[in-house]
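> Dropping a prediction and its sequence here:
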Amino acid sequence: MKQKIHLKAPENWINDPNGFIYYKGYYHLFYQYFPYGTMWGTMHWGHAVSKDLVNWEHKGIALFPSRYEDQNGCFSGSAVEKDGKIHLFYTGVRYEAVNPENIHLYLDGKFEASQLTISSEDGFNFDNFHGKQVIIPALTDERIGDRTNTRDPKVWHGSDAWYMVLGSTGKEECGKLLFYRSEDLSNWSYVNQASKGNKLGWMWECPDYFEIGADKVLVFSPMSLIKDAKRYPDQTICTCVNFDEKSCEMEIPDTYQFIDYGMDLYAPQSTVDKEGRRVFVAWLRMPEAVDGKWIGMFCMPRVVEVKKGHIYFRLHPDLKAAFCKRIKSATEADENGYCVSLDLQEGSFISVGGYRISRENGKIVADRTKVFPNLTEYHTKFETPEIKEGTHLDIYVDKNLIEVYVNDGEYVVSNAVYNLGQEIETDLETEYTLFTTG
Ligand code: FRU
């Protein structure tokens with residue numbers, strides 16, 4: 001099965017991107033996948049590949065439960081290349097109390113989490129029955145971390161060794177990070193941890209750490225970060241940190257940015273592209289399955305850049321280049337959607353098929369009320385912080401996802417949408433140009 005621009009669940013349910021890597025001529029993008037329905041359940045790793053980050057091909061299931069330690073799911077993780085092989089790292093889950101009505105769910109938060117690895121010579125064939133190795137058994141020392149909520153290994157090569165960061169939780173509901181080191185990817189030793197007390201959510205999911213030049217960036221997804229009774233309390237944030245590799249001491253400041261101000265994106269994962277750029281994709285949480293068949297998709301790959309402490313998320317240039325065909329009306333767009341390019345002045349608005357974007361008090365404001373199911377538990381209005389750099393917007397419109405890049409990634413607002421129209425409305429002074437894929 002092939003898809004262009006946005007990677008979507010082939011059918012049923014997907015959540016986090018996993019194991020994102022450029023390896024032997026292909027971008028491999030694995031993902032959390034429940035193959036039996038349009039809801040979360042026993043996690044498998046689905047697999048898609050691309051030569052160019054634009055055209056994707058689904059390759060079916062790469063990882064599935066097969067061992068005692070991962071019998072109830074292969075949770076999120078990452079990939080690295082070593083000695084010509086691809087090595088995947090993930091969290092194996094074993095339920096201690098199973099929901100008798102649905103064996104794909106645990107009861108009362110009772111499960112145990114171990115960290116595992118599996119490798120492959122070609123990136124396509126994984127021996128689920130003989131190739132898995134437990135590298136960090138479920139934790140027994142509470143001072144290190146929680147035996148249930150410790151997960152999502154992100155592995156990278158530092159200056160002298162391999163490093164792993166895990167998301168975890170400690171006493172009094174403190175989200176935290178655990179750092180491990182290894183010489184060979186098989187033997188791992190615990191080195192250190194980092195936390196902000198109970199200020200930023202009770203559990204930190206999907207941590208990602210990388211360096212861009214001299215800047216050290218942490219991306220993580222604290223659970224229950226936002227306490228306003230609406231969905232989604234779990235949000236992904238990022239910040240520049242101080243990190244000392246030797247001691248794995250990390251200093252996390254109090255200030256942070258959201259990776260996206262539409263608040264639907266979650267659990268991103270980054271890798272380095274062919275040209276050496278730091279690029280990430282993230283899961284778009286969706287409230288309803290499309291045509292009752294599939295739910296969950298990924299945003300377009302975004303290049304991460306840091307300038308004067310601000311973290312930019314710019315659309316990957318190869319995706320930008322894919323929208324090369326000028327059109328006069330949205331009705332001429334192909335099935336991959338279209339891009340609306342414009343300058344939006346203070347007080348002006350544009351409505352794209354019913355999704356309204358305006359500039360108010362120096363901020364970009366998005367309102368999806370007209371193109372979202374009437375579900376009161378979800379937010380429908382979103383805004384960026386005050387914009388500093390200009391008035392330019394590139395709005396990428398797909399049937400179920402709108403991505404608004406403000407000033408080439410100063411901020412991005414992405415939202416799940418349903419039943420978009422094809423009309424574009426603006427006030428008189430706002431002019432725009434339209435592009436679809438070639
Ligand atoms: C984030 C997450 C991860 C976990 C996975 C399970 O969305 O909860 O922490 O590994 O999803 O599907």
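Thanks, I have the structure now.

> how about the residues of the stretch 101-250 of the chain near the ligand?
Arg151, Asp152, Glu205, Cys206 (CB under 6 Å from any ligand atom). Where you see a C-beta, it was placed from the backbone N, CA and C, and this is true even at glycine.

> Out of those residues, the closest to the ligand would be?
Closest approach to the ligand among these (CB to the nearest ligand atom): Glu205, at 3.6 Å.

> Quick one: the helices in the stretch 201-350 of the chain, in order.
317-322 (DSSP state H, counting those that start in this stretch).

> what residue ranges in it are flagged as low confidence?
For the stretch 201-350 of the chain, no stretch has pLDDT under 70.

> circling back to that earlier point, ok, which pair from the residues of the stretch 101-250 of the chain next to the ligand is furthest apart?
Greatest spatial distance among these (CB to CB): Arg151 and Cys206, at 8.4 Å.

> Which neighbours do the two have in common?
Each of Ser76, Gly167 lies in contact with both Arg151 and Cys206 under the rule CB atoms under 8 Å, 6 or more residues apart in numbering.

> what's Ser224 sitting at in phi/psi?
Backbone geometry at Ser224, expressed as degrees, to the nearest 10, gives phi 60, psi 40.

> For my notes, please list the residues of the stretch 101-250 of the chain next to the ligand in a markdown table and give neighbour count for each entry.
Output for those, formatted as a markdown table (neighbours: other CB atoms under 10 Å):
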| residue | neighbour count |
| --- | --- |
| Arg151 | 25 |
| Asp152 | 28 |
| Glu205 | 23 |
| Cys206 | 27 |
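
> Tell me the one of these nearest Glu389?
The closest of these, once distances to Glu389 are taken by CB to CB, is Cys206, at 28.5 Å.

> ok, now which ones touch the residue of the stretch 301-438 of the chain found nearest the ligand?
Nearest residue of the stretch 301-438 of the chain to the ligand: Ala416, at 15.3 Å (CB to the nearest ligand atom). Contact analysis of Ala416 by CB under 8 Å, 6+ apart lists Asp264, Leu284, Arg285, Met286, Pro287, Phe372, Asn400, Leu401.

> And the nearest residue to it once chain neighbours are set aside, how far from Lys199?
Spatial nearest neighbour of Ala416, chain neighbours left out: Met286 (4.6 Å); criterion: CB to CB, 6 or more residues apart in numbering. Separation of Met286 from Lys199 (CB to CB, to the nearest Å): 30 Å.

> just His44 next, same as before
35 Å.

> One more: Gly41?
33 Å.

> residues near Lys51, how many?
By the criterion of other CB atoms under 10 Å, Lys51 has 13 neighbours.

> How about it, nearest residue that isn't a chain neighbour?
Using CB to CB, 6+ apart, the closest residue to Lys51 is Tyr26 (6.3 Å).

> wait, Ala194 sits on Met250?
Yes: using CB atoms under 8 Å, Ala194 and Met250 qualify as a contacting pair, with a distance of 3.9 Å.

> which residues are common contacts for those two?
By CB under 8 Å, 6+ apart, the residues touching both Ala194 and Met250 are Leu177, Phe179.

> Buried residues of stretch 349-358, list them for me.
Residues of stretch 349-358 classed as buried: Phe349, Ile350, Ser351, Val352, Gly353, Gly354, Tyr355, Arg356, Ile357, Ser358 (neighbour count, 16 or more other CB atoms under 10 Å).

> Check stretch 377-384 too.
Quick answer for stretch 377-384 (16+ other CB under 10 Å): Tyr378, His379, Thr380, Phe382, Glu383, Thr384.

> right, and the fifth one touches Gly362 too?
Just to be clear, that refers to Glu383. No: the pair Glu383 and Gly362 does not pass the contact test of CB under 8 Å, sitting 10.2 Å apart.

> Provide a list of residues in contact with Lys328.
Leu434.

> Could you give the bridge partners of Phe210?
Judged by DSSP bridges, the bridge partners of Phe210 are Val217.

> Hmm, it is touching Arg278, no?
Yes: using CB under 8 Å, Phe210 is in contact with Arg278, at 5.7 Å.

> overlap in contacts of those two?
Joint contacts of Phe210 and Arg278 (CB under 8 Å, 6+ apart) are Ser270, Val304.

> can I assume Pro385 sits in a helix?
No: looking at Pro385 with DSSP: H, G, I helix; E, B strand; the rest coil, it is coil, so not inside a helix.

> For it, give its distance to Tyr256.
11 Å.

> List the buried residues in stretch 106-114.
Tyr106, Phe111, Glu112, Ala113, Ser114.

> hmm, back to that, can you tell me how far the residue of the stretch 301-438 of the chain closest to the ligand is from Ile295?
With CB to CB as the criterion, Ala416 and Ile295 are 10 Å apart.

> next one: His379
Taken as CB to CB, the span from His379 to Ile295 is 18 Å.

> check contacts around Trp283.
Per CB under 8 Å, 6+ apart, neighbours of Trp283: 14-17, 31-32, 265-268, 296-298.
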